[in-house]
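Enquirer: my questions concern the predicted model and sequence given below.
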Amino acid sequence: MARANRQGIRAGAVVVAAAAAVAGTVWGVTALVEPGPARPGNAARQTDTAGTGGGSDDGAKGGGAQGTGGGDAPQSRIPDGIAHASESGGNAVNITIDDGPDPQWTPKVLEVLKKYDVKATFCMIGPQAKAHPDLVKRVVAGGHRLCDHTMNHDTAMDRKPVDYQEKQILDAKKMIEDAAGGGAEVAYYRAPGGAFTPDSRRIAAAHGMRPLGWNVDTKDFGKPGVAAIVNAVKSEMGNGPTVLFHDGGGNRAQTVAALDQVLAWLKDQGRPTGFPVRTAPDAS
């Protein structure tokens, strides 16, 4: 009996040690992600493996385990893993624009994109799209893609009930679709501040929207200056191909000027632009 007890204690110690090693690995990965500014959100929340409602959920890299929240929802052709990679592969860059459309700044962003023949993904707030359907139509007519950025940009969505998350996502999707008209598709869902949950990713994917993260936070929302925004892109481009800018939420003059410089730099570097992966696994 004493020998059996010793064996049981030894086996239990192995299990505890293994669990500690796994926990250390998880926290080690999390600690490597530098937090972004408070308003647009923290890149450390962009993970595919977060908990079930209160925890962080989105990461500088996508992939990993698929969320299972919501039970027996039918499988979608759209994966619910958070996308970062580019459909164009290679060294292509994805330009993403958040928080619009805005009647003053979205047209200026569109002009810069047209100047460099670049297509972008516009992550729109539902009521903003409803208020400015002409801009939504202009985005679509320019060959850009649409992304659902919820109704109210609630960065605490990952701590809210599932029915609240679903309403935030699906009400915004309908508003964006209605504003776009002509059967335009909302191809992606980006959680405010990266506040993804397994449930929100599942809901989005089940309705044809790929969860979309980012690799490069330009920090333009805080208006740090044009040079700082441009330098953030250049210094963080090694993180991956998806770059976060804003056309809403305030004065975006710095963003417009910085975007012009960034696109000129990408052109000089010979780096093409594209759209984030939608149906393929993330490989960035």
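Expert: Looks like it came in fine. Computed from a prediction, not measured in an experiment: that's the story for all the values here. Residues are numbered from 1 along each chain as shown.
Enquirer: all strands for this protein, in order.
Expert: Ranges of strands in the chain, per DSSP state E, are 93-100, 121-124, 145-148, 186-189, 210-211, 216-217, 242-246, 273-274.
Enquirer: what residues does the second one touch?
Expert: Right, the one you point to is strand 121-124. Defining contact as Cβ atoms under 8 Å, 6 or more residues apart in numbering, one finds that strand 121-124 is touched by 94-101, 106, 136, 139, 144-149, 172, 176, 187-188, 190, 212, 247, 275-276. In short, each C-beta sits where N, CA and C put it, glycine included.
Enquirer: next one: stretch 270-284
Expert: Residues contacting stretch 270-284 (Cβ under 8 Å, 6+ apart): 61-63, 77-79, 81-88, 90-96, 118-121, 145, 187-188, 210, 212, 215, 240-242, 263, 266.
Enquirer: right, and R202 touches P79 too?
Expert: No - contact criterion Cβ atoms under 8 Å: R202 and P79 do not qualify, at 10.5 Å.
Enquirer: center of the chain - which residue?
Expert: In the chain, the C-alpha nearest the mean C-alpha coordinate belongs to G213, at 2.3 Å (Cα atoms, centre = their mean).
Enquirer: surely that one meets G194?
Expert: Yes - assessed by Cβ under 8 Å, G213 is found in contact with G194 at 6.8 Å.
Enquirer: that older thread, okay, the strands of the chain in JSON lines with mean pLDDT next?
Expert: Putting the strands of the chain into JSON lines (pLDDT from 0 to 100) gives the following:
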{"stretch": "strand 93-100", "mean pLDDT": "98"}
{"stretch": "strand 121-124", "mean pLDDT": "98"}
{"stretch": "strand 145-148", "mean pLDDT": "98"}
{"stretch": "strand 186-189", "mean pLDDT": "98"}
{"stretch": "strand 210-211", "mean pLDDT": "98"}
{"stretch": "strand 216-217", "mean pLDDT": "98"}
{"stretch": "strand 242-246", "mean pLDDT": "98"}
{"stretch": "strand 273-274", "mean pLDDT": "96"}
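Enquirer: tell me where the model's unsure across the stretch 151-284 of the chain.
Expert: Scanning the stretch 151-284 of the chain for pLDDT under 70 picks out 283-284.
Enquirer: which residue packs closest to A120, ignoring adjacent ones?
Expert: Excluding the flanking residues, the one nearest A120 by Cβ to Cβ, 6 or more residues apart in numbering is I95, at 4.1 Å.
Enquirer: neighbours of the one you found, how many?
Expert: By the criterion of other Cβ atoms under 10 Å, I95 has 27 neighbours.
Enquirer: contact partners for it?
Expert: I95 sits next to 113, 118-121, 243, 245, 259, 263, 273 when contact means Cβ under 8 Å, 6+ apart.
Enquirer: beta-bridge partners for it, please?
Expert: V243 (DSSP bridges).
Enquirer: just the one 5 residues further on next, same as before
Expert: Here G100 shows beta-bridge partners M124, assigned using DSSP bridges.
Enquirer: next one: it from V186, what distance?
Expert: From G100 across to V186, the span is 14 Å (Cβ to Cβ, to the nearest Å).
Enquirer: quick one: buried residues of stretch 129-143?
Expert: Within stretch 129-143, the residues that count as buried by 16 or more other Cβ atoms under 10 Å are 129-130, 132-133, 135-140.
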